[in-house]
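Student: Give me the fold of what follows.
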Amino acid sequence: MAVNAAKITQASKSNLALSFISLGRERRRDITTFYAFCRVIDDIADDVDLGVDEKQRRLSEWRDWLRAARANESPFAADVRHLMQKYPITPKMLEEIIAGVEMDLTIQRYQTFDELRVYCYRVASAVGLVSIEIFGYRNPACKEYAVQLGLALQTTNIIRDVGKDLVAGRIYLPLEDLAHFGYAETELQDRRYNDRFLQLMEFEAYRARQFFAQAAAVLPREDQRSMIAAEIMASIYRGLLRRMELDKFRVFEKEYALNKLEKTGRIAAQLFKLL
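Tutor: Residues are numbered from 1 along each chain as shown. You can find the predicted model right below:
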């Protein structure tokens, strides 16, 4: 199953998967298994050929499989349960991620950032909290680091994917933020690019930068080496956020990403810090 998990991870072309290069063989294999679980869960929610009821049924099956072997379960479920036996990972920690994915089945708008924060915590911070158990850490403050970095990464994703999410009928930008800058939801749906939209996006970027700063502030010195994969992710996403800022957030017409050379440079810079 490790081979299948690796294929899922490679196919995702994710920045998260790229950061695994910094890990030793065993932890890289285990984090790849966990990431493949996250992809499988996410793919259920995103499958356009499935109805909401069927998606909920399949996610409910995964809740059962996390706790005990079942007949006709996914062959991959045993690998995920093995992770819970090997590391301090509980079914509840993984169910939090499933709960986040389920929010996409019924929620297409968020009125406030407090509401959105719950979603970001479940789909990103909860992933981070499991990841650090696999990475290994000594200082419990790493848990707060995982929470803050997860919020930083997810808010950056939301900024990047504004246009793509509109195609799916979703708006993750809090509606209270749109109202604050006098930018109507209808303008967003019409992909109206103007000064008010730019101010809105600058505000969202500022929030993301605050989360990045908070994560950096609470990362324990003694765990900087064990969190190298997470720090690579942070560096790549900070670069992505900066690119969008410098380009004035042309998210309706562009798909932002760092190229391979830029990512390689950021990986090398993080590894160099450990010398």
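Student: and residue 183, helix, strand or coil?
Tutor: coil (DSSP: H, G, I helix; E, B strand; the rest coil).
Student: Quick check, pLDDT for it.
Tutor: pLDDT, residue 183: 98.
Student: Distance of it relative to residue 253?
Tutor: Taking C-beta to C-beta, to the nearest Å as the measure, residue 183 falls 17 Å from residue 253. For every residue, glycine as well, the C-beta is placed using N, CA and C.
Student: what do you get for residue 204?
Tutor: 18 Å.
Student: quick one: which of the two has more around it?
Tutor: residue 204 (23 against 8; other C-beta atoms under 10 Å).
Student: Please, which helix or strand holds the more buried one?
Tutor: Assessed by DSSP states H and E, residue 204 sits inside helix 195-218.
Student: buried ones in that helix?
Tutor: 196-197, 200-201, 204-205, 207-209, 211-212, 214-215, 218 (16 or more other C-beta atoms under 10 Å).
Student: and of those residues, the nearest to residue 264?
Tutor: Checking the buried residues of helix 195-218 against residue 264 with C-beta to C-beta, the nearest one is residue 212 at 20.9 Å.
Student: was I right about the closest one contacting residue 238?
Tutor: Yes. Applying C-beta atoms under 8 Å, one finds residue 212 in contact with residue 238, separated by 5.8 Å.
Student: Mind jotting down where the helices sit in the stretch 51-200 of the chain?
Tutor: 52-67, 77-86, 91-106, 113-120, 126-135, 142-160, 162-167, 175-180, 185-189, 195-218 (DSSP state H, counting those that start in this stretch).
Student: low-scoring stretches of this protein, by residue?
Tutor: The chain contains residues with pLDDT under 70 at 1-22, 274-275.
Student: could you give the angle of the next helix or strand along the chain from the helix holding residue 204 to helix 126-135?
Tutor: With elements assigned by DSSP H and E, the helix or strand that comes after helix 195-218 is helix 228-246. Orientation check (axes from the mean of the first three to the mean of the last three C-alpha atoms, to 10 degrees): helix 228-246 against helix 126-135 gives 150 degrees.
Student: Any buried residues in helix 228-246, and which?
Tutor: 228-241, 244-245.
Student: Does it pack against any helices or strands, and if so which?
Tutor: helix 15-19, helix 126-135, helix 142-160, helix 195-218, helix 260-272 (3 or more C-beta pairs under 8 Å, 6 or more residues apart in numbering; DSSP states H and E).
Student: In CSV, list the C-alpha atoms belonging to it.
Tutor: The C-alpha coordinates for helix 228-246 follow below in CSV (Å, rounded to 0.1, in the frame of the first residue of the first chain):
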residue,chain,number,x,y,z
ILE,A,228,12.0,21.3,8.7
ALA,A,229,9.3,19.9,6.4
ALA,A,230,6.7,22.3,7.9
GLU,A,231,9.2,25.2,7.6
ILE,A,232,9.7,24.4,3.9
MET,A,233,6.0,24.6,3.4
ALA,A,234,5.9,27.9,5.3
SER,A,235,8.6,29.3,3.1
ILE,A,236,7.0,28.2,-0.2
TYR,A,237,3.6,29.6,0.9
ARG,A,238,5.1,32.9,2.1
GLY,A,239,6.7,33.2,-1.3
LEU,A,240,3.4,32.5,-3.0
LEU,A,241,1.6,35.1,-0.9
ARG,A,242,4.3,37.7,-1.7
ARG,A,243,4.0,37.0,-5.4
MET,A,244,0.2,37.5,-5.3
GLU,A,245,0.7,40.8,-3.4
LEU,A,246,3.3,42.1,-5.8
